[in-house]
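S.K.: sequence unknown, structure follows:
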């Protein structure tokens, strides 16, 4: 079976006899730099993408390709990420891992159609300030960002394009319309459609930063959005209504040409001790728009609707199920998430992730404990196991080697059982 067929059997049909996908969420650049020194063969070093295509795919690209004295030749910036299947590609200027995948015979990543789901025309990337240690720049999505070169973590928002009703109306008039939807599709769309029709990998829509909390937080700023919910709720509704209409219009064009397997909705609405929003706020500002979009995509044959949120999401899982989500990830263990408990409480929800990245770094005993849970989960289907976020640099390659080979064996044995 192809990766696409297996993905649908596992995530849509909960078939435990089909081998689940051999994916990881992804790897920090510093992690890969370490692993190459610790024994990972460096055969097909994945280049950092330098081209700007869409806001979703190329946000942060300027950070990764700027001159940086702290990055040695042939290495990645510390906060750069290599995608490994569990999180989609393309996204955020990141690259697809090749060497880890080949070394451990892992599966190819899920892929998103590279669509402009935000501002068209995009903003021009503009350097505002730069020296050896920092870069401040205007990004494709209109967000001004500050990038610290030594730590090289993802650039932080400095100023956001939506400040008030006036700024939003200007953006809406100049950069959001449904008159030229085809221009939001890839320039080589007909060639991509030909490839997609014979693809072997799962193909999706959406992704970072498309979400009904994620998008306004991304374009307004978290603190500013929290105030806006109360100070100008009509404005928040107008923003969400406008983007929902836009997304449906863009997806309608895509779905007229090609079958899509999944939709990815990015929220990151929860943190270490729970949701950032009350249930009442979520119901008022998110639920109606979720229902509209999910009803549309499911009506066009999309079987899997995935919600990405970090942190402790225990209490808000029922809300996302009500919204129409069929699966969630990555279930961070150190925030109190337990995939076995979630599966018991919500047997119809597909799950991905749930293996503690922190405990993997502690050695083989902890790895074995983590993987016992995987065996039980695989017997129930609807589960793709991998670490609960990007693999951190304190995971030594020898530990990852032990973990990944044993996990691959468990997946193979589970499918044969």
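M.R.: Sure, I can see it. All of these numbers come straight from a predicted model, not from anything done at the bench.
S.K.: Stretch 274-286: which residues count as buried?
M.R.: Buried residues in stretch 274-286, counted by 16 or more other Cβ atoms under 10 Å: 274, 275, 276, 277, 281, 282, 285, 286. Heads up, the C-betas are built off the backbone N, CA and C, glycines and all.
S.K.: For it, measure first residue to last.
M.R.: In stretch 274-286, first residue to last residue: 17 Å (Cα to Cα, to the nearest Å).
S.K.: avg pLDDT for it?
M.R.: The average of the pLDDT scores along stretch 274-286 is 97.
S.K.: can you check stretch 125-132 too?
M.R.: Stretch 125-132 carries an average pLDDT of 98.
S.K.: Could you name the helices and strands sitting against the longest helix along the chain?
M.R.: Across the chain, the longest stretch assigned as helix under DSSP state H is helix 233-255. Under the contact criterion of 3 or more Cβ pairs under 8 Å, 6 or more residues apart in numbering; DSSP states H and E, helix 233-255 touches helix 165-175, strand 203-206, helix 214-220, helix 222-231, helix 279-285, helix 287-299.
S.K.: following the first one, which helix or strand comes up?
M.R.: Same thing as helix 165-175. helix 189-196 (DSSP states H and E).
S.K.: who's in contact with that next one?
M.R.: Here helix 189-196 makes contact (Cβ atoms under 8 Å, 6 or more residues apart in numbering) with 113, 182, 186, 203, 257, 258, 259.
S.K.: Among the residues you listed, which one sits closest to residue 228?
M.R.: Each of those was checked against residue 228 using Cβ to Cβ; the closest is residue 113, at 30.6 Å.
S.K.: Got the confidence number for that closest one?
M.R.: Per-residue pLDDT puts residue 113 at 98.
S.K.: Contacts only, for it.
M.R.: By Cβ under 8 Å, 6+ apart, residue 113 lies in contact with 185, 186, 192, 196, 203, 204, 205, 254, 258, 260.
S.K.: What are the buried residues along stretch 78-85?
M.R.: 78, 79, 80, 81, 82, 83, 84, 85.
S.K.: which parts of the longest helix of the chain are buried?
M.R.: 235-236, 239-240, 242-244, 246-248, 250-251, 254-255.
S.K.: possible to save the residues you listed as a markdown table with pLDDT and distance to residue 408?
M.R.: Output for the buried residues of helix 233-255, formatted as a markdown table (pLDDT from 0 to 100; distance: Cβ to Cβ, whole Å):
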| residue | pLDDT | distance to residue 408 |
| --- | --- | --- |
| 235 | 98 | 50 |
| 236 | 98 | 45 |
| 239 | 98 | 44 |
| 240 | 98 | 42 |
| 242 | 98 | 45 |
| 243 | 98 | 40 |
| 244 | 98 | 40 |
| 246 | 98 | 41 |
| 247 | 98 | 37 |
| 248 | 98 | 39 |
| 250 | 98 | 37 |
| 251 | 98 | 35 |
| 254 | 98 | 34 |
| 255 | 98 | 34 |
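S.K.: SS state for the nearest residue to residue 75 once chain neighbours are set aside?
M.R.: Of all residues not flanking residue 75 in the chain, residue 33 sits nearest, at 4.7 Å (Cβ to Cβ, 6 or more residues apart in numbering). Following DSSP: H, G, I helix; E, B strand; the rest coil, residue 33 is assigned to helix.
S.K.: so residue 33 makes contact with residue 76?
M.R.: Yes: if you go by Cβ atoms under 8 Å, residue 33 and residue 76 touch, sitting 6.0 Å apart.
S.K.: out of those two, which sits in the more crowded spot?
M.R.: residue 76 (24 against 20; other Cβ atoms under 10 Å).
S.K.: how close does the closest residue to residue 293 other than its chain neighbours sit to residue 266?
M.R.: Spatial nearest neighbour of residue 293, excluding adjacent residues (Cβ to Cβ, 6+ apart): residue 244 at 5.7 Å. From residue 244 across to residue 266, the span is 15 Å (Cβ to Cβ, to the nearest Å).
S.K.: returning to that earlier point: make a markdown table out of the buried residues of stretch 78-85 and add distance to residue 316, secondary structure and pLDDT.
M.R.: As requested, the buried residues of stretch 78-85 are arranged in a markdown table below (distance: Cβ to Cβ, whole Å; DSSP: H, G, I helix; E, B strand; the rest coil; pLDDT from 0 to 100):
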| residue | distance to residue 316 | secondary structure | pLDDT |
| --- | --- | --- | --- |
| 78 | 31 | coil | 97 |
| 79 | 28 | coil | 97 |
| 80 | 30 | coil | 98 |
| 81 | 25 | strand | 98 |
| 82 | 30 | strand | 98 |
| 83 | 26 | strand | 98 |
| 84 | 26 | coil | 98 |
| 85 | 25 | strand | 97 |
